[in-house]
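1. Give the three-dimensional model of this entry:
(one chain, ligands or ions: 3)
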Amino acid sequence: MPDVLIQNARVLEDGRLVPSEILIEDGKIKGIAKEFRISSYDELINADKMVVIPAGIDGHVHFRDPGMTYKEDWYSGSCSAAAGGIATVLEHPNTLPPVIDKSGLSLKLKHAKKKSVIDFGINGGVTNNVDQLKEIWRLGISVFGEIFMAESTGGLNISNDTLGDALSKIGEVDALACIHAEDEALRLENEVLLKNDTGIDVHSRIRPNECEEIAVRDCIKINKDTAVPARLHFCHTSTPEAVSLIAKAQKELSPVGNARKITCEVAPHHLFLSTKDYNKLGTLGKMNPPLRSPEDAAYMIQALNSGLINAVASDHAPHMHYEKDVPMRSAPSGVPGVETLMPLMLAAVRKNLISLERVIQVTSRNPAHIFGLDRLGKGSMAEGYDADLLLFDPKKTVPIKSKNLHTHCDWTPYEGMDGIFPGMTLSRGDVVWDGFQIIAKKGRGAFLPGAGLKTDEDGKMILEYDEDDDE
Ligand SMILES: NC(=O)N[C@@H](CC(=O)O)C(=O)O
Ligand SMILES: [Zn+2]
Ligand SMILES: [Zn+2]
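-> Ligands and ions are numbered 1, 2, ... in the order given. All right, here's what the predicted structure looks like:
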């Protein structure tokens, strides 16, 4: 007997919204049809003409757990994701301790398994741990990174030499390297040069477009020069310069028909905010890479539409308001965003900035493919895939308000901006967000191991984690 029948839904088919029903069995999509003439099921959901799309996959979040759980923990972060229509996250390694070895990974996995309400992967950090990269890969990290080429939260940045060593190890195991591309030398130089500059936009001038451009160029070159180049994915790209370099490298590497070897993502704050917002946001608009000009933001939307940018990811990086309420130079970098990613994108559809079809590609199908989550049933609303779904009313635009969000972070850079929030989020067929509250059990989220996870002779996973690690 099927578990769930969703009736009265609308589904995108060849560019049109078609009245549909969706059948779910064992947490997976069993079928989508105009009408299933069945009368027995465990649960009936009346979608009330809402549009159903795949739930978002946010490939870039920082949940701060372990170590800085007052900013976020796996429960608050995953609830925030679910309420924003995200059913899968990849969490990045700059926690305390960072995920750079077996014990760091084991501790984070334990926290996440206990608290997450949605499915998750854990990324492996790259510092001076080059000789341990293969081990954490075998233990099930999703991807490597973000690999910090410049200073950002957590102080995990590495030199270009170490980057080369790491990329060659990552290439050997055919994993993905996710890169935070900013040039540390230029940043340091500008820091000194502009030390008396009190301009509100000084952060954007310390880390100018050129900073990202140099790092992207260097990284592509360093990777090319290794014995076995890694697959590269550039995190939070923010400039036309970086996108053009990546497009050029993509072309060189990808003869027609071949899988792309270099991909990139953009964060919503580089699409919907710009240096013009510093007046309103002050230090709340400080993140790495920094806000760019309005023209650059407009270019990024166009590049997302045209296919030069492959995915949207939030770079959800919560810091408390009181921590941000200090002079620009001492304020921590980062903005929350996991709960507003899908609402902003869906509101952008209503404003004709992007098509719904493209939003689906860049928030579910492409991230699933890039991060290897499609092999685990993620990223498509089709038979056999996980029933991770987002239901929304395309006309219901509301102002984003931080008091309505579920993150520990007590502010949002998008306060007052338009969002279209999910009326419901499903994770593997379970309603985790019903439009009003989280109804998922803490810890129901499943760990999504990376492709390197060691298995036994029967293909069964061997989880080499110490279950008795301290909290
Ligand atoms: N983006 C940021 O400004 N900050 C991120 C780290 C990062 O992604 O660089 C954080 O973890 O706070
Ligand atoms: Zn980063
Ligand atoms: Zn980040």
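
2. For the residue of the stretch 1-150 of the chain found nearest ligand 2, grab the count of nearby residues.
-> The minimum distance from the stretch 1-150 of the chain to ligand 2, using Cβ to the ion, falls at E146 (4.9 Å). Glycine gets a C-beta too; all of them are placed from N, C-alpha and C. As a burial measure, E146 scores 27 neighbours (other Cβ atoms under 10 Å).

3. mind checking which helix or strand it is in?
-> strand 144-148 (DSSP states H and E).

4. Just give me how far that strand sits from the chain centre.
-> Distance, stretch centre to chain centre, for strand 144-148: 13 Å (Cα atoms, centre = their mean, to the nearest Å).

5. same question, stretch 79-96
-> With Cα atoms, centre = their mean, you get 7 Å for stretch 79-96.

6. backbone phi and psi for the spatially closest residue to V312 that is not a sequence neighbour, please?
-> Of all residues not flanking V312 in the chain, V362 sits nearest, at 4.9 Å (Cβ to Cβ, 6 or more residues apart in numbering). Torsion angles at V362 (phi, psi; degrees, to the nearest 10) stand at phi -80, psi -10.

7. Please apply the same query to G84.
-> phi -100, psi 10.

8. Let the chain start at 7 from now.
-> I'll keep to 7 as the first residue from here, and by that count the last item is G90.

9. Surely it and F427 touch.
-> Yes: counting by Cβ atoms under 8 Å, G90 does reach F427; the two are 7.2 Å apart.

10. does the residue lying closest to G151 once chain neighbours are set aside count as helix, strand or coil?
-> By the measure of Cβ to Cβ, 6+ apart, the closest residue to G151 outside its immediate chain neighbours is C184, 3.1 Å from it. Following DSSP: H, G, I helix; E, B strand; the rest coil, we place C184 in the strand state.

11. For L199, grab the count of nearby residues.
-> 11.

12. That should have said S45, apologies.
-> Residues near S45, counting by other Cβ under 10 Å: 7.

13. Need the pLDDT of it.
-> Listed pLDDT for S45 reads 86.

14. cool, and V262?
-> So V262 comes in at 51 (pLDDT).

15. and what of G62?
-> pLDDT at G62 comes out at 99.

16. Also R266?
-> For R266, the model assigns a pLDDT of 52.

17. Going along the chain, name the strands of the stretch 7-156 of the chain.
-> 10-19, 22-31, 34-39, 49-52, 57-60, 62-67, 92-97, 125-128, 150-154 (DSSP state E, counting those that start in this stretch).

18. want to throw these into JSON lines with distance to I228?
-> Below are the strands of the stretch 7-156 of the chain laid out as JSON lines (distance: least, Cβ to Cβ, whole Å):
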{"stretch": "strand 10-19", "distance to I228": "41"}
{"stretch": "strand 22-31", "distance to I228": "46"}
{"stretch": "strand 34-39", "distance to I228": "41"}
{"stretch": "strand 49-52", "distance to I228": "50"}
{"stretch": "strand 57-60", "distance to I228": "35"}
{"stretch": "strand 62-67", "distance to I228": "22"}
{"stretch": "strand 92-97", "distance to I228": "23"}
{"stretch": "strand 125-128", "distance to I228": "25"}
{"stretch": "strand 150-154", "distance to I228": "11"}
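
19. Ligand 1 is nearest to which of those strands?
-> strand 150-154 (5.8 Å; Cβ to the nearest ligand atom).

20. how about stretch 247-263, does it get close to ligand 2?
-> No: using Cβ under 5 Å from the ion, stretch 247-263 never reaches ligand 2; the gap is at least 13.0 Å.

21. I should have written stretch 53-70 there, sorry.
-> No: contact of stretch 53-70 with ligand 2 (Cβ under 5 Å from the ion) is absent, the minimum separation being 7.9 Å.

22. What residues sit buried inside that stretch?
-> 53, 56-70 (16 or more other Cβ atoms under 10 Å).

23. For ligand 1, tell me which of those residues show up nearby.
-> H68 (Cβ under 6 Å from any ligand atom).

24. dump the residue contacts of the residue nearest to G151.
-> For C184, the contacting residues are G65, H66, N129, V149, F150, G151, E152, I153, H239, F240, C241, by Cβ atoms under 8 Å, 6 or more residues apart in numbering.

25. in the stretch 57-206 of the chain, what residue is nearest ligand 2?
-> Closest point on the stretch 57-206 of the chain to ligand 2, by Cβ to the ion, is H186, at 3.5 Å.

26. Could you say which helix or strand holds the residue lying closest to P274 once chain neighbours are set aside?
-> In this structure, P274 finds its nearest non-sequential neighbour in L350, 5.0 Å apart by Cβ to Cβ, 6+ apart. In this structure, L350 is located in helix 347-356 according to DSSP H and E.
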